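>>> this one's sequence-less:
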């Protein structure tokens, strides 16, 4: 590492808290930090193979895939070895997964990602014992690589509309998989293009002439030895995308492909030899994997945003531009308050999401445990919580990543800054595993159901919505108070009044003869808005509650900064959602003026700790992969070094000059 | 063209107005439409050469450049021929430019773009007659290709801080160009990487030991015959970016490179043979080209957004997903009100920006004419207007393009939809030619100056800010009225009160001992917000005024739809900026409820004309280049056709299986 940029050195000297203390907290304890460091150390034994050579961005689409395969097998061989050394068993899947997540070295994703994040979890939750015996070990040690094929060209959101069929033929005890239309082709499954040889396929199950809805089947896609697609299977990759181009997303179509009856995943529903369909005892159990993936997405979003903000903050400290006063030296752009607004609000958002991801993970584990004991009570709540947190965390990560990129000016547009790929990643997650608008509408559906329970009966409300009862109780004082607690109450009142307004609006429409469905549709803009307010309240209050709890064991200097971050986050969103608060709470214009000063005051206070707050994420340069964000702040040197790797700079005159440009300039074309 | 999608056919049948009438209006008259069509016809004589072959997205960075050169010379040869046939002279540069703009067939930009958009206009406005005689004809017929090198690695916004020096040596009558540091390397100039052989370079002029600030020099960069970089010049390309990868952005450094004295562009300032520096009579004249570029950017933004929204609207009509009511067929997603909200607000924004781009163009021409007659009075206003419209139009185009992309779900993430490249284009324009935050702060500076004039004297205000006097006059009624006029007045009041609050806040700070500059900096979040409100008001009122005027000669059915679009745009932004209006105007909660119903009502009314409104842009499929947006609506067929062009689909098994994957799966790695 070269000499560290002087401004970064000064920023680090100014930091008022112990960065390591914060890193340990973020990792979940010193032991976790050390574990992570050990994983990184092992990875870096292959530094040249993994990070050397011509950067991927200069390669063709095909070369990118081939290079990602080269790197993936190096990386996952290391992972597999670690797993064997540590004797990881299946109960330890969470650790394995965090290894996988840590191992996604490329912002372009990995062709093996879906094998771990969808294929394995779904298989584990839906395959019966015999099936697990047959395939699980092979999947775990990567003797087979799986994908998960649900989405079709014509259907994403509305999975009941999937067209692929699996028709049971009792005479041979086989299912016949078929793609009746072009739109029924599976489209998007990660790793399916050229990599996976197995796949879980979701299809409409037909038996004895009757359709039983969608079910899961494990299907071999390619020959294990030659990798040739098996007969009747049309498989390929879907082409270039905005990002994630190493994921090798694929399409697949089936032409009456026969698979054994025992390839239907039968832990829950079954088809007997004679074709009798046996329903699942609890059809909701199938949601477990879907919820799990959304929990993972919330975690991922935080990590991507942490990268973006590390880049944005460090560049803002290194970059000097313009004078504040004539004759002065040029200022670090971080000294401009409009820049602080962008960078520090993004940092606060990252910490807020981090605490929410943790809480979601804990809630998931508690409720999942209850589920396994047959207790379904809180499944609806978990589903609604995962929906809204997935929507909010991906929307915010994407928005703040874009903000960080724009805050880095022109250089933030360079792929070598890693900000464009990080944006491409975060914005993708706004769509996959449930479009955010649709997820907020699902949250709204849950809220309206809750609202009716609240009015109709004395059923106790689940924790995340209990506030609705409190703030709608007669005599509840809605006096505005400019504190974090006051802001949370403000958002609770906003959410409650919006929900109430939606109910009223729908009721009026229905009373005047509109159908329930049309009333829902015509109210949907407001329903989304109500769900957003509810979600925002949850994020702020979880951040506040859990961080406040954690602060009790922190050193005073660190706790002080965490308090400022909570306040900044709460005030930021109050000012962002001022229309709601002015409309539904008793906040006054004087309060607003006060909040603005408070916000500007917080920026001023947090400013000296900006670099400490991102250094604490402890993202090593090899994983950050950013010319603008590296820990030494050698921004300009790195930009030039990366540019010089461009194959277009390898020769002084490109061949196109002789072939095209010169004849054109000479008027010969 | 295959069979047209049935839903699109039905949508077109539903349209209540004559689409051709609207197209003629948008083009500026039937003759302009026919001219455009003729240009397109000529271009399509080279259809296979320009649009055939493997799509660019599958190529490597180097191959993309070479392919873009191949296509550029075909296209610009056609353009040059047209120009010669039509005997285009320099007064007709505007037509030539619109030809160039129409000719940017790739969303990735063109290596020749800067030659036309910066090199030529700057040269024309800053070169003296002798220089024009020597170079202009050669530039016009592309015997030489130029770039424009201003931005450096270390300096973008703050051009006074540029480090490149041009030191006059009277003994040889030469300037010595030098790059004293790494950060002084020019970085970003379009076409400079491997294409241009000339360049206008901005450098600090030194003569007789004195610095005279930045001036422009024309510099030969490469040998005209061999294309080799000239001695002392380090030139190359800067690497992969988020988008615009065919632009061939470059870097350049100078090691004491000598150029003749006569290569300084001397129309305004001069250096005499003995080194005497002669100041420009009017240093502001140099802003002309900068303003011109911003005017062009506003036009471009509209065109990009028109593409995005054509794709978004057509896909929303073709895509069917979910049932509104059980048992019904799946609905076009355009029937969902949350989708209408996204698509129709983007359409309205596109029409609003179109009218604003026109007005800006007219204003530019009027004021430019005045400038040439020595009348500088309105230069400040033009500068402020171009600043704020550039900021608003690029921010909005980028935001609505992202919205359209997300509204197309997963398929909108496919590069073949053309939405990702269009987003990359629009978001780039938020940064180049002035970062939008900086531009809004410049607008704010103009507004504060105006505010002081208003208080201090009876100086008449220029048209775009005259409202400040009206709405701040004593006794002005701020009674809210829910009409477009009422909304415009509302935004005027908001802008005025925000400006007034900024002034008050800064005054207080200064009174309590803060420096002017620190007061400005600590108020800057609110200054940006004030400038944004002012700009928003301008956009709404220009749309309203100019479209209302135009409607007088439109057919009644078309005028009716245009009225709805104006209303939708005004109401949309009222609801988006509700916090401002609730804080600063007399709008009530009842008004807000009414506005929401009005908005939902407008969506319902405009819905049947959605496709007509985008068809009217008349963007041919070859230029739209979108699987999701083609005029025949064969969405799924095109997605598959494009995927099958992927080189990864050319062979059933990729070589990486044998090299990497198989050994890995067999545990041999």
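That came through fine. The structure displayed is predicted, hence computed values, not measured ones.
>>> show me where chain A has its strands.
Counting by DSSP state E, chain A has strands at residues A:146-149, A:165-169, A:174-178, A:186-187, A:198-207, A:210-220, A:233-237, A:250-254, A:257-260, A:270-271, A:277-278.
>>> check which helices and strands the fourth one sits against.
Taking 3 or more C-beta pairs under 8 Å, 6 or more residues apart in numbering or on different chains; DSSP states H and E as contact, the helices and strands that strand A:186-187 lies on are strand A:250-254. C-beta coordinates here come from the backbone N, C-alpha and C atoms, glycine included.
>>> the last one too?
Based on contacts counted as 3+ C-beta pairs under 8 Å, 6+ apart, the elements that strand A:277-278 packs against are strand A:270-271.
>>> and if you look at the longest one?
Packing partners of strand A:210-220 (3+ C-beta pairs under 8 Å, 6+ apart): helix A:120-126, strand A:174-178, strand A:198-207, strand A:257-260.
>>> any idea how chain A splits into domains?
Following automatic domain parsing, one gets these domains for chain A: A:144-284, A:461-610.
>>> the residue of the stretch 401-550 of chain A found nearest chain B - nearest residue in space that isn't next to it in sequence?
Among all residues of the stretch 401-550 of chain A, residue A:420 sits closest to chain B, at 3.7 Å; criterion: C-beta to the nearest C-beta. Residue nearest to residue A:420 in three dimensions, not counting chain neighbours: residue B:242, with 3.7 Å by C-beta to C-beta, 6 or more residues apart in numbering or on different chains.
>>> what's around that neighbour, how many residues?
Using other C-beta atoms under 10 Å in any protein chain shown, residue B:242 has 24 other residues around it.
>>> what sits against it?
A:413-415, A:420, A:423, B:424, B:427-428 (C-beta atoms under 8 Å, 6 or more residues apart in numbering or on different chains).
>>> which of the residues you listed lies closest to residue B:541?
Taking C-beta to C-beta as the measure, residue B:541 lies nearest residue B:427 of these, at 26.8 Å.
>>> surely that closest one and residue B:400 touch.
No. Applying C-beta atoms under 8 Å as the test, residue B:427 and residue B:400 come out as separate, 11.6 Å apart.
>>> can you pull out the low-pLDDT segments for the stretch 451-600 of chain A?
A:457-458 (pLDDT under 70).
>>> near chain B, which residues of it show up?
A:515, A:517-518, A:521-522, A:524-526, A:528, A:575, A:577-583, A:589, A:592, A:596, A:599-600 (C-beta under 8 Å from any C-beta of the partner chain).
>>> take the residues you listed and keep only those in helices.
Applying DSSP state H to these, the entries found in helices are A:517-518, A:521-522, A:524-526, A:528, A:575, A:578-583, A:589, A:592, A:596, A:599-600.
>>> hmm, which of those residues are the buried ones?
A:518, A:521-522, A:524-526, A:528, A:575, A:578-583, A:592, A:596, A:599-600 (16 or more other C-beta atoms under 10 Å in any protein chain shown).
>>> for chain A, what helix or strand is lowest in average pLDDT?
helix A:93-102 (a mean of 55; mean pLDDT, DSSP states H and E).
>>> can you tell me which helix in chain A is longest?
The single longest helix within chain A, with elements called by DSSP H, is helix A:337-372.
>>> and that helix, how far from the chain's centre?
From the chain centre to the centre of helix A:337-372 is a distance of 11 Å (C-alpha atoms, centre = their mean, to the nearest Å).
>>> which intervals of chain A have sub-threshold pLDDT?
For chain A, the stretches with pLDDT under 70 are A:1-2, A:87-105, A:283, A:285-286, A:457-458.
>>> residue A:398 reaches residue A:431, doesn't it?
No. Using C-beta under 8 Å, residue A:398 is not in contact with residue A:431, being 10.1 Å away.
>>> do a quick rundown of the helices in the stretch 301-450 of chain A.
Assigned by DSSP state H, counting those that start in this stretch, the helices in the stretch 301-450 of chain A fall at A:337-372, A:379-407, A:419-428, A:436-456.
>>> between the ones you listed, which one is nearest to residue B:278?
Closest approach to residue B:278 among those (C-beta to C-beta): helix A:337-372, 39.0 Å.
>>> by contact count, what packs against that closest one?
Here helix A:337-372 touches helix A:287-318, helix A:379-407, helix A:524-551, helix A:556-576, helix A:589-606, helix A:610-615, helix B:524-551, going by 3+ C-beta pairs under 8 Å, 6+ apart.
>>> residue A:26 touches residue A:617, doesn't it?
Yes. Here residue A:26 reaches residue A:617: they are 6.7 Å apart, a contact under C-beta under 8 Å.
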